[in-house]
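Asker: Make a model of this:
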Amino acid sequence: MSIPDEIWQQAQMLRATIELHNYRYYALDAPTIPDAEYDKMFRELQALEQRYSQLVTPDSPTQRIGVAPLKEFPKIFHRTPMLSLGNAFTAEEVEAFDRRVRQTLGVESVEYAVEPKFDGLAVNLRYEKGVFVGGATRGDGYIGEDVTLNLRTVKSIPLHLHAGLSPDKPPALLEVRGEVLMLKVDFEKLNRQQLARNEREFINPRNAAAGSLRQLDPGITATRRLSFFAYGVGASEGGYVPGDKQSRVIDYLASLRFPVARECKVVSDAAALLKYHRDIQGVREHLPYDIDGTVYKVNDLVQQGKLGFVSRAPRFAVAHKFPAQEVVTELLGIDIQVGRTGTLTPVARLRPVFVGGATVTNATLHNEDEIRRKEVMIGDSVIVRRAGDVIPEIVAVNKEKRPREAKPFVMPGSCPVCGARAVRLLGETVTRCTGGLFCPAQRKQAVLHFASRRAMNIDGVGDKLVEQMVDNAIIRTPADLYKLGVTALANLGRMAEKSAGNVINAIEKSKSTTLARFIYGLGIRNVGETTAKELARYFGNLDRLMLADADGLQQVPDIGPVVAESIVDFFAERHNLEVVEQLRASGVRWEESAGIQQARASPDQTTISEVGKLSGKIFVLTGTLPNLSREDAKEKIELGGGKVVGSVSKKTHYVVAGADPGSKYDKAAELGITILDEAGLVQLLQDSQADLHPISRNS
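Answerer: Okay, the predicted model is just below:
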């Protein structure tokens, strides 16, 4: 079968490109394309060679495993080749692998050893009579780089073998195969150090591990915290080494005190392989190290021998890769997104690309400094990463493909939504709109936040409704919610009269709230739910909070100068004070008290710990209360100075019990702990406040 010229040229181009990226990835540790794009080119070349067998040559990338080692490192010949694994990307390919294995072995079912696929650097460790004598990288699969001195700095690699499962002496020779990698926490620490030294950050943990292991100066490697995980055995002589099951090899390596993946399992049939893959993918983000798939190996070592190898990979194993999490696409433009607190965030507008199981059209660029650091320009070819539900981000730029017409990004001097001045405050990395509550972008988010469950808890006021109300100029501030009528809401799309009535009822119900919820609902920058509770507890009164200066605010536990300044700035804005007064005038109310600030000033109340009967008291909530939700009860107790915990012990002071209280009630009765119903709790709270000053109700 003759081969068309264009096919020859395409194959030559693919080979040259793949070899170039092999060199960048394995030899230079400086990849310029993500794995997904490399895999796509490799599979394209494989398909051509399968169609035209004359294209297959000994020097084709499909007939080799890696690349030659760097000249700076001595060469080490592997006694048994370190083969790469073939890849599967779909369920159908996994099922085909299982079918081929069963057909070749002539059996109905096969047992597989399964494990996560580490995203690191494969190495071979050599032990003689139980002593570590050398180690090498995979290299081209037959010749690797001698990185013994660097491997000695990896603390998870034993320098002497533990006795393990064998009653005999260690083997005269034992080669242990595994992966050198960098844990996520160590990678983040390394990049923080790189930034502090104004040095280049690493793209990912794999890149960092490879660059660290292959340093010519072992002293540098020693400063980088690398880890090692074992997954197999190469050559061995003498002594005891399991020869029956891959799973027993893993147990054997663990007994020698090598780290192994805890997620290793033994399963049967393709359905179990696919379930394992799904399960690992589900916990991928919570693993301490990066993985890019799962590995399936025939568990029976005798069966492995029967299946043998192809030129590049074993027939008894396959790597099932996850959907690509890094891909290359074009940066079409940079838009500005305005957040609830006025933050102007640059967002990359991308040529649509499939990554991490979803089509991505936008990616975060974080802030102006990040754009400068990554040298991002509009028109660039960029590497986009997406992990699970994490917002996609641009991790690097391929400067080699930068077009001449590429443009630098300039942060706008005004808000793109309302036109107000945009400023970057001293000590901050972000630029903010000064438009406050009159900025439509902030208006929507401000109303949404105000109505959210942990703030005013207005059921039915969600994204779509708020968007319609703001866009139709029905509301401008949170205070306008309390001016709404059924007719105005019912005229909105998808809002029937009954639904509108339910929303109005929820708004009316929200008028009775707590000071902490109200403070949190205002959306003051840097004031979260916990800080709002501390402010309510300390001041006890909204007017005292609004009049407080920065020094006074810093008397509140855990409030520093940044948070204090945010609060002062918020209440210094006339339009914010107007909204607060409108909310009060609409009937929004809460219980107020003297607060810790006033108690401190009182001659008979000198310390925070002495404020109120509930200070330092421990409560446990159990069962369903008739009127208060568990969250509301907890909030009231905490505002009174008490602490809510999850279990009953001798240290518990009160158990608040509702319907169907369960075992906590029984244990409280057994220990003689005071048990309160909802009415008893409310009375206790009122008595505690009355000891300080009479409770007043804001109106």
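
Asker: drop to CA atoms for contacts and neighbour counts, all remaining ones
Answerer: Will do.

Asker: Assign residue 427 to helix, strand or coil.
Answerer: With DSSP: H, G, I helix; E, B strand; the rest coil as the basis, residue 427 sits in coil.

Asker: so how far is stretch 256-267 off the chain centroid?
Answerer: Centroid separation for stretch 256-267 versus its chain: 24 Å, with CA atoms, centre = their mean, to the nearest Å.

Asker: Can you show me the CA trace of it as PDB?
Answerer: Once non-C-alpha atoms are left out, stretch 256-267 reads as follows in PDB (Å, rounded to 0.1, in the frame of the first residue of the first chain):
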ATOM      1  CA  LEU A 256      10.300  -2.800  53.900                       C
ATOM      2  CA  ARG A 257       9.100   0.600  55.000                       C
ATOM      3  CA  PHE A 258       8.600   2.100  51.500                       C
ATOM      4  CA  PRO A 259       5.700   4.500  51.200                       C
ATOM      5  CA  VAL A 260       2.900   3.000  49.000                       C
ATOM      6  CA  ALA A 261      -0.400   4.500  47.900                       C
ATOM      7  CA  ARG A 262      -3.100   3.700  50.500                       C
ATOM      8  CA  GLU A 263      -5.600   3.600  47.700                       C
ATOM      9  CA  CYS A 264      -4.200   0.400  46.200                       C
ATOM     10  CA  LYS A 265      -6.900  -2.300  45.800                       C
ATOM     11  CA  VAL A 266      -7.700  -5.600  44.100                       C
ATOM     12  CA  VAL A 267     -10.800  -5.800  41.900                       C
END
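
Asker: For it, buried residues please.
Answerer: 256, 257, 258, 259, 260, 264, 266, 267 (16 or more other CA atoms under 10 Å).

Asker: Distance-wise, check the third one relative to residue 296.
Answerer: Distance from residue 258 to residue 296, counting by CA to CA, to the nearest Å: 21 Å.

Asker: can you check the fourth one too?
Answerer: With distances defined as CA to CA, the gap from residue 259 to residue 296 amounts to 19 Å.

Asker: for residue 282, same thing?
Answerer: The spacing between residue 282 and residue 296, counted by CA to CA, is 18 Å.

Asker: what does residue 320 give?
Answerer: Relative to residue 296, residue 320 is positioned 8 Å away (criterion: CA to CA).

Asker: Between the buried residues of stretch 256-267, which sits nearest residue 632?
Answerer: Out of the buried residues of stretch 256-267, the one with the shortest distance to residue 632 is residue 264. That distance is 44.7 Å, counting by CA to CA.

Asker: Show the model's pLDDT score for the nearest residue to residue 560 once chain neighbours are set aside.
Answerer: Beyond its immediate neighbours in the sequence, the residue positioned closest to residue 560 (CA to CA, 6 or more residues apart in numbering) is residue 554, lying 5.5 Å away. What the model reports as pLDDT for residue 554 is 92.

Asker: what do you get for residue 178?
Answerer: The per-residue confidence score, pLDDT, reads 97 for residue 178.

Asker: Backbone torsions only: list them for it.
Answerer: phi -170, psi -160 (degrees, to the nearest 10).

Asker: I'd say it and residue 230 touch.
Answerer: Yes. Counting by CA atoms under 8 Å, residue 178 touches residue 230, with 4.0 Å between them.

Asker: now, which of the buried residues of stretch 256-267 lie within strands?
Answerer: Residues of the buried residues of stretch 256-267 located in strands (DSSP state E): 266, 267.

Asker: which one among the buried residues of stretch 256-267 gets closest to residue 386?
Answerer: Of all the buried residues of stretch 256-267, the one sitting nearest residue 386 is residue 264; the distance, using CA to CA, is 25.8 Å.

Asker: wait, the closest one sits on residue 115?
Answerer: Yes. Here residue 264 reaches residue 115: they are 4.5 Å apart, a contact under CA under 8 Å.

Asker: show me what contacts residue 293?
Answerer: With CA atoms under 8 Å, 6 or more residues apart in numbering as the criterion, the residues that contact residue 293 are 116, 117, 118, 277, 281, 319, 320, 321, 322.

Asker: Check residue 397 too.
Answerer: Contacts for residue 397 were tallied using CA under 8 Å, 6+ apart; they are 374, 375, 376, 380, 381, 382, 383.

Asker: Tell me the one among the residues you listed nearest to residue 345.
Answerer: Relative to residue 345, the closest of these is residue 376; by CA to CA it sits at 14.8 Å.

Asker: Run through the stretch 551-699 of the chain and note the low-pLDDT ranges.
Answerer: Applying pLDDT under 70 to the stretch 551-699 of the chain flags the ranges 594-595, 597-613, 689-699.

Asker: Which parts of it are helices?
Answerer: According to DSSP state H, counting those that start in this stretch, the stretch 551-699 of the chain carries its helices in the segments 561-572, 574-585, 595-601, 630-639, 663-671, 678-690.
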